[in-house]
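*Asks:* Below are the sequence and a predicted model; questions follow.
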Amino acid sequence: MNSNVILGITGGSGAVYAVRLMDVLLASRYDVHLTISRSGADVLRQELGLAVDADHFQPEVMTLQGTPLATEDARRDAWKESPGGQASEHIVRPKGHEPGIVHYHRYDDYMAPIASGTFRNAGMVICPCSGATVSAVAHGSSRHLIHRAADVQLKERRKLILVPREAPMSTIQLRNMCLCSEAGAIVLPASPGWYHGVQTVMDLVDFVVSRICDQLGVDNNLIKRWGE
């Protein structure tokens, strides 16, 4: 099993999905190769109050603990393992694997390993994925590292998951998503279901994150599945 997952955060709304996804991946023993666009950092600050600096990144700021969302469900208090702590019961952790770590790559660093087809990984997720990013991926326009890494995933026939959230969508955006899908990407809109016993906002967040993890092949029990 390859334990590297690339996570790109862009300026679309829905930053909470990205932070929760990163927590689940780390607790599941995956190494996260993270890159954040300038607008992605702006959204993290605006929506979650996280003091993220895309130029001088500090991984400890990327957590939902201490935000209003973290208080909704006591069973999720320990999303990430800490010394003396316990991981969430909803995360399935492979045996024999060390805890995952974050590798941060600046959005303008084209020397980063994720810019090359030689970098082996389990998949890339762009979450949230702005309309501009969908357009860049659809047309192979690499204006920063996230675009380049996505372009590499497609040319190497590796998994690329795009998580847009905008609504409504223009015909141009729909066509761009169709181009991405035809090129091999998985378009997974942040559209949570309501059939799994929703009680809190985090239940809706976990629905989307669980679907992303399923596409990556990451075992999880984040939601009650249909028919269970």
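*Replies:* Nice, I can see it.

*Asks:* What residues of the longest helix seen in the chain count as buried?
*Replies:* When the chain is parsed with DSSP state H, its longest helix is helix 201-216. Of all the residues in helix 201-216, those buried under the rule 16 or more other C-beta atoms under 10 Å are 202-213, 216. No exception for glycine: its C-beta is placed from N, CA and C like everyone else's.

*Asks:* Convert the C-alpha atoms of that helix to PDB, please.
*Replies:* The C-alpha trace of helix 201-216 is given here as PDB (Å, rounded to 0.1, in the frame of the first residue of the first chain):
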ATOM      1  CA  VAL A 201     -23.100  19.600  11.000                       C
ATOM      2  CA  MET A 202     -20.100  17.300  11.400                       C
ATOM      3  CA  ASP A 203     -22.300  14.400  10.400                       C
ATOM      4  CA  LEU A 204     -22.800  16.100   7.100                       C
ATOM      5  CA  VAL A 205     -19.100  16.900   6.800                       C
ATOM      6  CA  ASP A 206     -18.200  13.300   7.500                       C
ATOM      7  CA  PHE A 207     -20.500  12.100   4.800                       C
ATOM      8  CA  VAL A 208     -18.500  13.900   2.100                       C
ATOM      9  CA  VAL A 209     -15.200  13.000   3.700                       C
ATOM     10  CA  SER A 210     -16.200   9.300   3.900                       C
ATOM     11  CA  ARG A 211     -17.000   9.300   0.200                       C
ATOM     12  CA  ILE A 212     -13.600  10.800  -0.600                       C
ATOM     13  CA  CYS A 213     -11.900   8.200   1.600                       C
ATOM     14  CA  ASP A 214     -13.800   5.400  -0.100                       C
ATOM     15  CA  GLN A 215     -12.500   6.600  -3.500                       C
ATOM     16  CA  LEU A 216      -8.900   6.600  -2.100                       C
END
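
*Asks:* quick one: average pLDDT of stretch 158-178?
*Replies:* For stretch 158-178, mean pLDDT rounds to 96.

*Asks:* Straight-line length of that stretch, end to end?
*Replies:* Distance across stretch 158-178, first residue to last, is 18 Å (C-alpha to C-alpha, to the nearest Å).

*Asks:* can you give me the strands in the chain?
*Replies:* In the chain, the strands defined using DSSP state E lie at 4-9, 31-36, 102-104, 123-126, 160-162, 186-187.
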